[in-house]
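Visitor: the amino acid sequence is not available; the structure is as follows:
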């Protein structure tokens, strides 16, 4: 089968059907006959002795031999037959006709050759009469082929193909042996101009026009869509694969008060379109006009920003030049691309933002981002480069700084020639900083919850260890072999208890007893201790501001915060190579300042609410805080000291106390004139207390000696070791103990008629917890005194439990502490009962 052979090409089929060329007699045969004649003439000369007889013999033999050769050639080349071999490339050139499909088939209905129009219309695998037709039409064409073979020619006026196109078909027998059929297929006269196969808008032709800003559609005379390009479907319906066939062409357009045409879907954000109507009518058929249902038109919608000829008009060129000059002066990073995503322009700010200053822009925006973000950016540029003028942003990671995502803004622009998308690179440093702060706060909260849970469980263990040591010390006197060892265990247990208190402070679960105090008073009380800790080589300087407002704080916890900050500053100075070289010694300065609400607003802080504050500032000359350390500064167990020289709980404890007390703390560096860090600065903001300052009441604490009549105690504790220690301690103090392992057992002891003077219970227990058990007991005996034991903060428990007239003792406690506390509770209950009876 021929596939569009060139004018000089020769195919295998042409070689197969060509007649063999006649061959001349072989040269060896002629040479042999000549030699034989010469030999025979020689023999005759010797036999007769006459040269004349021999010459006559040679001439006669030569004439006879020439006649034989001439007759043979005449027989091989009959007169008037033309060229010896069939050249099908000449045939193909001869049948190339526009608007007419021509094919040649042999006796076996195999296609020998065809012109381009036939191949484009039916394909290379369709050989007449096997064309893509319906069954009836295929039978008619097959009958036409039989008729043409029999009669020499046949034709059909109209045959409809699968794509509803009508054709005139004819077949003529031809060839030297009349062994070929010449098929001629012409589109029906009234459909020749509207054949959809001639204009494939959904294919490369339509896409090429769309890239140039021209959307296309084929419609009937009534405006019904027959075919559209993918670009038209995307702008008209929002999906390039949408089927718009059969719908009204005008329904996808709108016009404004200036009679400008727009795509209806794009609204006011769209660009004006120029509509060009191209009637699809063959000039040869204008004398026979098509009916209203058969006439078709090619509709061209040309974007107003697309010029004809040079790309865009002079006004657009001038506008783009002015826009480039304007964008170049803006501090915001801006760049423009064309519809295909190629860079057209980028100002200096954009080049600096992407790290291309001095090197210029690459070919595409995707060359600026990491590999994982290339596909997303390419798709975003393509979407904004087509359709209505939309805007948006996409988060990408630049190749020059892949660790920090940036927000790249995109906006579609129209009417500026080749420019289609405006890129803007926003500065997201503040947003990223806020994101890091939120992540840090979330992490600190999670670590705080973990630390609080660990401290609570560890307090149960320490309660048993400390209680057991004290019970053992009651049976030993100084000088016994085990006395010193027991004292050492007790001392280390108390040290561990102080660590758990720091963990509880960090997790904001420490018991606070706030008072209304003046900040300079607390600083004065703690200053002597700070001076002893700093030594002689570090100067301690204090300066107080005037008119400082009172603050609400737990004095002991505030002293802990100041001490931890001072010790941290001392360690920073010593870890930086000793005292600073400027004045021969290190320096720690402590300032108190008054800050008004309007000054807070001027600070522009998003964390610090606008209010009046009393400020505590602790700064040192220790060289400052490294940037990589600053985010981890308040994490528990984080330390920059050598192993074994720090617990990493100093600043975390201060942070926990500050947050639990609703204060604010910030850390930064102090720089010298050259911009180098000199030291660190910690600033704590205390909200000024507005209200009456209560007078201090000196109340003598209740001790166990106030209650000496003993009593019955219901002890409920799920930890066996804590329950045993508490039971032994209270029994030694003279109380009758009923011990229970959970809340259900404790409630059952009351329900079974047990008489008790006080209930001592843990808070967190499996099954029925302490508060639930106490509420059930209070329902039976409303006046029952209650003492809770817990490793959590009293303030938090009172807020969560909300039970009236309850008392609290923190774990770990000593043997004497729990005995004294139970006695104090019973003494207070006795006093309350007496007051009620007197009334």
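Guide: Here it is on my side, so go on. Bear in mind the structure is a predicted one, so any value in this text is a computation, not a measurement.
Visitor: might one say that residue 677 is in contact with residue 629?
Guide: No. With contact defined as Cβ atoms under 8 Å, residue 677 and residue 629 do not form a contacting pair (11.7 Å). Just so you know, the C-beta spots here come from the backbone N, C-alpha and C atoms, and that holds for glycine as well.
Visitor: in terms of neighbours, single out the busier of the two.
Guide: A direct count of neighbours by other Cβ atoms under 10 Å for residue 677 and residue 629 places residue 677 higher, at 16 against 13.
Visitor: let me know the pLDDT of the residue lying closest to the more buried one once chain neighbours are set aside.
Guide: Closest residue in space to residue 677, ignoring its immediate chain neighbours: residue 624 at 2.8 Å, by Cβ to Cβ, 6 or more residues apart in numbering. According to the model's per-residue confidence, residue 624 sits at a pLDDT of 86.
Visitor: residue 124 now?
Guide: Among the per-residue scores, residue 124 holds a pLDDT of 79.
Visitor: also the one 5 residues further on?
Guide: Taken from the predicted model, the pLDDT recorded for residue 129 is 87.
Visitor: wait, a helix at it?
Guide: No. Per DSSP: H, G, I helix; E, B strand; the rest coil, residue 129 lies outside any helix segment and is coil.
Visitor: so it makes contact with residue 148?
Guide: No. With contact defined as Cβ under 8 Å, residue 129 does not reach residue 148; the gap is 9.7 Å.
Visitor: of these two, who's got more company?
Guide: residue 129 (23 against 20).
Visitor: could you check how far that one is from residue 140?
Guide: Counting by Cβ to Cβ, to the nearest Å, the gap between residue 129 and residue 140 amounts to 9 Å.
Visitor: shared neighbours, those two?
Guide: Taking Cβ atoms under 8 Å, 6 or more residues apart in numbering as the criterion, residue 129 and residue 140 do not both touch any residue.
Visitor: pLDDT below threshold where in the stretch 1-150 of the chain?
Guide: Along the stretch 1-150 of the chain, the model assigns pLDDT under 70 to residues 1-89, 93, 97-99.
Visitor: change it to 90
Guide: Residues of the stretch 1-150 of the chain meeting the criterion pLDDT under 90: 1-101, 106-142, 144-146, 148-150.
Visitor: what about residue 784, helix or strand, and which?
Guide: With the criterion set as DSSP states H and E, no secondary-structure element contains residue 784; it sits in neither a helix nor a strand.
Visitor: and the pLDDT for residue 267?
Guide: Per-residue confidence at residue 267 stands at 74 (pLDDT).
Visitor: now for it: which residues touch it?
Guide: For residue 267, the contact set (Cβ under 8 Å, 6+ apart) comprises residue 388.
Visitor: so what does the host helix or strand of residue 652 touch, helix or strand wise?
Guide: Using DSSP H and E, residue 652 sits in helix 650-660. For helix 650-660, the packing partners by 3 or more Cβ pairs under 8 Å, 6 or more residues apart in numbering; DSSP states H and E come out as helix 483-506, helix 555-575, strand 664-671.
Visitor: go through the ones you listed and name the closest to residue 832.
Guide: Closest approach to residue 832 among the helices and strands packed on helix 650-660 (Cβ to Cβ): helix 555-575, 29.3 Å.
Visitor: quick one: mean pLDDT for that closest one?
Guide: The pLDDT scores in helix 555-575 average 86.
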